[in-house]
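Enquirer: would you be able to build a 3D model of this:
(one chain, ligands or ions: 1)
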Amino acid sequence: MPGRGVGRALLAWQVARGRELVAPDVGGDRPVFLRTYAEDHLTDRSRLLRAAGFDARRFAVSMRRDLRDPLPDVPLPDGLRAVELDPADDVLVDGVRRAHNEAFAGHWGSEPFEPDDWRRRVLVGPGRRPDLSRAVLDGERVVAYVVSGTYPDDWAAQGWTEGWVDLLGVVDSHRGTGLGRHLLVAAMRTYAGEGLEYAGLGVDVENPRALGLYTGLGFEERGRETSWGLDVT
Ligand SMILES: CC(C)(COP(=O)(O)OP(=O)(O)OC[C@H]1O[C@@H](n2cnc3c(N)ncnc32)[C@H](O)[C@@H]1OP(=O)(O)O)[C@@H](O)C(=O)NCCC(=O)NCCS
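Expert: Prediction:
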């Protein structure tokens, strides 16, 4: 029943609920805003959000890489070791959380994860695939990680099967040494091993380092997405 105000009413309810949930002390000195995403080709959604007072804050590219094309060999730098993200290994899981908080500290829209949230984010819930995820350790410290998921409900509509790169990060001290490339290729090999056709991910258009990494490995743009925000403090 498009065009009858159902979406508008639902969004108004969500915004009101969002305002209620934001306690006065939540953001400290930082601005608090409600956030949602919409693919740019869904113009009715953009219109709805704009009419409700949201504005476009950031832009991201959705990319995919055909896994039938050969993958390069990318060795790990000497002295480091790579392991599968074993959900039963609490020390490893928490090491990946700390590496993530460090790697994404300056990334727009990213907040540090507490241990419980992190478990939910990477280990449980629909689509989570720790078996397709990896960490790189320097001694006992996690210095890089890739967290993957598979979302079969999307596949019929989009027309291809896909391993999804949920999170990829390298701590500052270890960047530029090939770890990002190593992990991404390792993850793509696991997707190909599952018989999946493509690797997919989303990346902020203002992240040239990540974009360089992805295009260098054969990822191609397949769509754009906008992050919409509405200030509530
Ligand atoms: C993006 C990120 C994962 C890259 O990891 P990395 O280990 O530093 O990357 P690599 O050393 O494997 O570099 C591979 C390619 O990335 C690109 N790259 C690396 N450093 C770069 C820099 N300073 N400027 C531009 N491109 C760069 C290049 O294309 C490079 O290929 P080259 O060595 O042939 O030039 C890392 O910078 C990071 O964790 N950033 C913060 C979190 C983040 O943005 N994650 C991705 C979100 S989508």
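Enquirer: going by C-alpha atoms from here, please, whenever you check contacts or count neighbours.
Expert: Will do.
Enquirer: got the residues of the protein near the ligand?
Expert: Along the chain, the residues adjacent to the ligand under the rule CA under 6 Å from any ligand atom are 103-104, 168-171, 175-181, 203, 208-210, 212-213, 216.
Enquirer: swap the cut-off to 5 Å and go again
Expert: Residues of the chain lying near the ligand by CA under 5 Å from any ligand atom: 103-104, 169-170, 175-181, 203, 209-210, 212-213.
Enquirer: neighbours of residue 191, how many?
Expert: Neighbourhood size, residue 191 [other CA atoms under 10 Å]: 23.
Enquirer: can you confirm it is in a strand?
Expert: No. Per DSSP: H, G, I helix; E, B strand; the rest coil, residue 191 lies outside any strand segment and is helix.
Enquirer: thinking again about what came up before, which of the residues of the chain next to the ligand are buried, as a PyMOL select command?
Expert: Here is the PyMOL selection string for the buried members of the residues of the chain next to the ligand, based on 16 or more other CA atoms under 10 Å:
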select buried, resi 103+104+169+170+179+180+181+203+210
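Enquirer: and the residues of the chain next to the ligand, which is closest to residue 33?
Expert: Distances from residue 33 to these, taken as CA to CA, are shortest for residue 104 (19.1 Å).
Enquirer: and the nearest residue to the closest one once chain neighbours are set aside, what pLDDT?
Expert: Spatially, and ignoring its direct neighbours in sequence, residue 104 is nearest to residue 110 (6.5 Å; CA to CA, 6 or more residues apart in numbering). For residue 110, the pLDDT comes out at 84.
Enquirer: that older thread, farthest-apart pair in the residues of the chain next to the ligand, please.
Expert: 177 and 203 (20.5 Å).
Enquirer: run through who's touching stretch 167-179.
Expert: Around stretch 167-179, the neighbours that count as contacts under CA atoms under 8 Å, 6 or more residues apart in numbering are 74, 76-77, 99-100, 102-104, 143-148, 180, 184.
Enquirer: flag every buried residue along the lowest-mean-pLDDT helix or strand in the chain.
Expert: When the helices and strands of the chain are scored by mean pLDDT, DSSP states H and E, helix 115-122 comes last with a mean of 86. For helix 115-122, the neighbour count (16+ other CA under 10 Å) marks 118, 119, 122 as buried.
Enquirer: now stretch 73-93
Expert: Under 16+ other CA under 10 Å, the buried positions of stretch 73-93 are 76, 82, 85, 86, 87, 92, 93.
Enquirer: residue 92 versus the spatially most central residue of the chain, what's the distance?
Expert: Nearest to the geometric centre of the chain sits residue 166, at 3.8 Å (CA atoms, centre = their mean). Residue 166 sits at a distance of 18 Å from residue 92 (criterion: CA to CA, to the nearest Å).
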